[in-house]
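In: Kindly return the folded structure for what I paste below:
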Amino acid sequence: MIQNTHWKQLARTWASILFGNALYSLAVALFLEPAGLITGGATGIALAIGRLTGLPVSGLLLFINLAMLVWGWAVLGRAFALNTLASSVLSPAFLGLFEGLLAGRVLTEDIFLCTVFSGLGIGVALGLVIRSGASTGGLDIPPLVLNKWFKLPVSATMLTFDIAVLLMQAVFSPVQQVLYGVVMVLIHTIVMDKMLMLGASRTEVKIVSSQSDAICAAILAQLDRGVTILHGEGGYTREPSAVLLSIVSNRELPRLEKLAHSIDPTCFLIVSHVTEVSGRGFSLDKDYL
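Out: Numbers count the residues shown, from 1 in each chain. Modelled structure (predicted):
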């Protein structure tokens, strides 16, 4: 049973990596390249060189990714390189495939639509790859190397590299395309952040009641949900009291409220909406009484 679960999880991970890289390459080939938009990272360097030399962007991207991969292998080790290998190869391979299939065909010449859809596609794609636990490779590697050599903060050096790549392309691009490119980068950053936070919405309920034992037993028996008992103390009376903590689905919240109030009409419920992040815990959304 455990082995089957492991293989299913592995299959889902690789499916996410494959689909994420395919979607990324499709967004670049279908919207970003035809509109002449600028972007950061290794793709931005490949686009800039491709527009100056006429060389295929997919081939340039593969060369850059492999060069970064070898550097990362030499400095950061084999484990890091293997984790980065998939995206380093798959992204240029899919891009070359889509460039061949599209053969210069353009879905839309509206630069605004290209900006929006390339931002959405790239953001979703990067979110899928990162959520699967893989690295996107490319210019993600130099900041990690610099951090190991000189202890420079990764976030700051990564931002510096992206800005440098954007400025490099801005020199050779019309102002309109540069401005739309900046908007596209903002869109894909926001979408990627949302993808990384995407998860199953849950509701956290804290129950304060003099009948905490009875309510706890009812939740375990009737809702089949776990309960954590927190030990509290009255701020004024200094009397000890139990606080029940349980995580339920949004649909189960009305049942829990009805169940708790049927046992103790005076009980007090504190409800928080939280979002589960890839099984790594919960992030707080908001509280209300």
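In: residue contacts, the nearest residue to Gln177 once chain neighbours are set aside?
Out: What sits nearest to Gln177 in space, not counting adjacent residues and going by Cβ to Cβ, 6 or more residues apart in numbering, is Gly36, at 4.7 Å. Bear in mind the C-beta positions are built from the backbone N, C-alpha and C, glycine included. Contacts for Gly36 (Cβ atoms under 8 Å, 6 or more residues apart in numbering) come out as Arg51, Ser173, Pro174, Gln177.
In: Gly36 and Ile247: what is the separation?
Out: Computed with Cβ to Cβ, to the nearest Å, the distance linking Gly36 and Ile247 is 48 Å.
In: now do Thr203
Out: 7 Å.
In: again, but for Gln169
Out: In terms of Cβ to Cβ, Gln169 sits 47 Å off from Ile247.
In: Could I get the full set of helices for the stretch 51-200 of the chain?
Out: Applying DSSP state H, counting those that start in this stretch to the stretch 51-200 of the chain gives helices spanning 57-76, 78-102, 111-131, 141-150, 154-170, 175-197.
In: between those helices, which one is nearest to Ala15?
Out: helix 111-131 (9.3 Å; Cβ to Cβ).
In: Residues contacting the helix or strand that contains Gly232 from elsewhere in the structure, which ones?
Out: Secondary structure assignment for Gly232, by DSSP states H and E: strand 228-233. With contacts defined as Cβ under 8 Å, 6+ apart, strand 228-233 is touched by Lys206, Val208, Ser212, Cys216, Glu239, Pro240, Ser241, Ala242, Val243, Leu244, Leu245, Ser246.
In: which of these are buried?
Out: Lys206, Val208, Ser212, Cys216, Ala242, Val243, Leu244, Ser246 (16 or more other Cβ atoms under 10 Å).
In: Could you say which helix or strand holds the closest residue to the third one other than its chain neighbours?
Out: What it means is Ser212. Leaving aside its sequence neighbours, Ser212 sits nearest to Ala242 (Cβ to Cβ, 6+ apart; 4.0 Å). Assigned by DSSP H and E, Ala242 belongs to strand 240-248.
In: Give me the sheet partners of that strand and which way each runs.
Out: strand 201-208 (antiparallel), strand 228-233 (antiparallel) (DSSP bridges).
In: Contacts for whichever helix or strand comes after the first one, please.
Out: So the one you mean is strand 201-208. Next helix or strand after strand 201-208 toward the C-terminus (DSSP H and E): helix 212-218. By Cβ under 8 Å, 6+ apart, the residues outside helix 212-218 that reach it are 207, 209, 227, 229, 241-244, 259-260, 263-264, 267.
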